[in-house]
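1. Need a 3D model of the sequence below.
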Amino acid sequence: MDINQKKKSYKKIIITCIILVILLTLSFIRWHWQIHQGTTIKRDANGVSIERTPWDLKLEQDLNKDLNKKLKTIQNDRPEPPQLDKSTHLQQVNVILTNVGEAENKVSASGFISDVAEPDGSCIFSFMKDKKILEKNSTTLSNRDSTTCKTVQFSATELGAGTWKVKLKYRSSTSAGESNIIVMTLKEPIVSAIKFDPGHIIDDSIFYNSGGFSSAEAVQDFIKSHTPACDTWGTQPSGHGKLTRAQYAQQVLKWPGPPYVCLQNYYENPLTGETSFEKGGGAFSGGLSAGQIIYDAAVKNGINPKVLLVMLKKESPGPLYSDSWPTKFQYQYAMGYACPDTGPNSSAACVASKGGFYKQVNLAASQLRQYVNNIGSYHYQPGRWNYIQHNPNQICGRKYVYIDNLATASLYIYTPYVPNQTTLHAYPDTTPCGAYGDLNFFIFFNQWFGSTYDLISEQPS
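-> Predicted coordinates:
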C-alpha cells in the first residue's frame, strides 16, 4: 500500500472517531438538559421513568380492543370474590372473629363479615371445650360494605375454668361462612371470703329453684366440663418409684384395684345397687349417670341442682370433681349425709346404711326439703338470733347470728358451724378453729354459678 492510500485510511478513521464523539456529546447534553431544565419523561418518587414504552402502548391498544381482558388484567391483584357452595347454593363469605376475652367475670365476643352487607343474617358464637359446646346467638348490623355481628356477653360461670375454642358462624338467606378458631383460657374467678354474710348465705329464690338446669343432660355436661381426664385403669405414674397408680394403690396402700371411676363416668342402678366400679368403669344398661341422679333428686324435692352440685364438691372426699382416679369409697358418703362430727377427735361418724352415691344424693335433697316443711322442729330458724358454734370443738366458741331466710337456716342445720373472722381473713388457708362447710358453699357457688343473691327479687339485710 502506497503512502497516499495509508493517509486516506487514517483520515477515515479520524473522521469516524470525531463523529462518534460528537454524537456522544450531544446525547450527554440532551440528558443533562432533561434532568435540570424539565423533561417530558415522567418519573416516580424514586426517579424511575414511568414513560410507556412501545410495548406498553401496544398492550394498551390490545386491552382497549378486548374489555373482558382489560378487566381481568386490572383485577388480577385483588382477592377472589366469594365462591358459591354448590351443595347449599349459598355464597361463602369471609367471617372474622374479634374481641374474644374475659373481664370482670364476663365473657364477650364479637365479629363481622367483611365482604357482604346484609340485613337478614344471623351469627352464632360457639364456645367449645372437649365435648361441651355452648352457643350464643347474635343479631347483625348492616354497614356500607360489611355486616357486623353484635357483641355477645355473658357470665364466665356458664363456661367454667379451662381452655375454650371459640368460632363464629354466619348465615343468611344467600350467604354462609365460618371464622377461624380463637383459643381462650379462663381461670376460676376469685371470690373474697370477706363477702360472706353468715346471716344470709344464699337467697331462697335461688336455693329452691329446681329449674336451675334445664335437663339431666345439662347437669351431666356441667360435670364433664368440671372434671379432669380419667385414669380409669391406673396406668399413670404414681410418683412413687416406678409404680403405676394401680400398683401403688394395691401394693402399698392396700386399696382396691381398677377401675377407678371418675365422676363424669359414674353410673349406678338404684334398683340393684350396681355401679360402674362393678360394670367396667363407665355406662352400663340400667345405670343412671351422676348428672341424672342429681337432676332427678333436685326436681323431686324442689331444690336447685346447682345447690346439690356445690354440696357434692364441699362434702365429697377428694373432692370427686378434681380426682382423676377415685375409689368407690369416695362415693360412699359423697354428700356428707348422716355423717355427724361425733367420732373421735370430732371426726365423721357416718351411718353405714345411708352409704352409696344414689342414696346420699337423694337423702340430702330430701333432708333439705324436710327442713323447709318442718323448720319449727329444728334448732336453727330464720327470723331470729341463733347461737352457732365456730367449730365442732366447743372451746373455739360461738357466735350469735341473725338468720334471714330458710335457705341459710337449712345450710346451718346441715353443717352447724359459722366461720370466725380469723378464718374469713385467712381463707383459703386454714386456722385452728376454722369451719369451712358453709363458707365453702358460698365460695364454690359464686365461682361456678355467680352470685348467691337474686338481685331482682331479694336482697340480704
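2. can you pull the contacts of residue 88?
-> Contacts for residue 88 were tallied using CB atoms under 8 Å, 6 or more residues apart in numbering; they are residue 176. Backbone N, C-alpha and C define where each C-beta goes, glycine included.
3. again, but for residue 106
-> Listed by CB under 8 Å, 6+ apart, the contact set of residue 106 reads 153, 154, 155, 156.
4. from those, which ones fall inside strands?
-> Assigned to strands by DSSP state E, the following of the contacts of residue 106 qualify: 153, 154, 155.
5. how many other residues sit next to the closest residue in space to the first one that isn't next to it in sequence?
-> The shortest distance from residue 153 to any non-neighbouring residue, by CB to CB, 6 or more residues apart in numbering, is to residue 108 (4.3 Å). When neighbours are counted by other CB atoms under 10 Å, residue 108 registers 16.
6. Hmm, residue 185 and residue 166 touching each other?
-> No. Using CB atoms under 8 Å, residue 166 makes no contact with residue 185, being 11.1 Å away.
7. which one of those two has more residues nearby?
-> More crowded of residue 166 and residue 185, by other CB under 10 Å: residue 166, with 21 against 9.
8. so what pLDDT did the more buried one get?
-> Residue 166 carries a pLDDT value of 96.
9. next SSE after the strand or helix carrying it?
-> Per DSSP states H and E, residue 166 falls inside strand 162-171. Downstream of strand 162-171, the first helix or strand assigned by DSSP H and E is strand 175-178.
10. elements contacting that following strand?
-> If you count contacts as 3 or more CB pairs under 8 Å, 6 or more residues apart in numbering; DSSP states H and E, strand 175-178 packs onto strand 90-92, strand 162-171.
11. list the helices and strands the longest one packs on?
-> Spelled out, it's strand 162-171. Identification of packing neighbours for strand 162-171 by 3+ CB pairs under 8 Å, 6+ apart yields strand 95-103, strand 106-113, strand 122-129, strand 147-155, strand 175-178, strand 182-186.
12. Kindly recompute the last result at 7 Å.
-> The contact analysis (3 or more CB pairs under 7 Å, 6 or more residues apart in numbering; DSSP states H and E) places strand 162-171 against strand 95-103, strand 106-113, strand 122-129, strand 175-178, strand 182-186.
13. Run me through the strand neighbours of the fourth one, direction for each.
-> Right, the one you point to is strand 175-178. Applying DSSP bridges to the sheet, strand 175-178 is found paired with strand 90-92 (parallel), strand 162-171 (antiparallel).
14. distance between it and the chain's centre?
-> On the basis of CA atoms, centre = their mean, to the nearest Å, strand 175-178 sits 23 Å off its chain's mean C-alpha point.
15. what's next to that strand, contact-wise?
-> With CB atoms under 7 Å, 6 or more residues apart in numbering as the test, strand 175-178 has contacts from 85, 88, 90-95, 113, 116, 118, 121, 167, 169-170.
16. distance between the ends of stretch 249-261?
-> By CA to CA, to the nearest Å, the extent of stretch 249-261 from end to end equals 14 Å.
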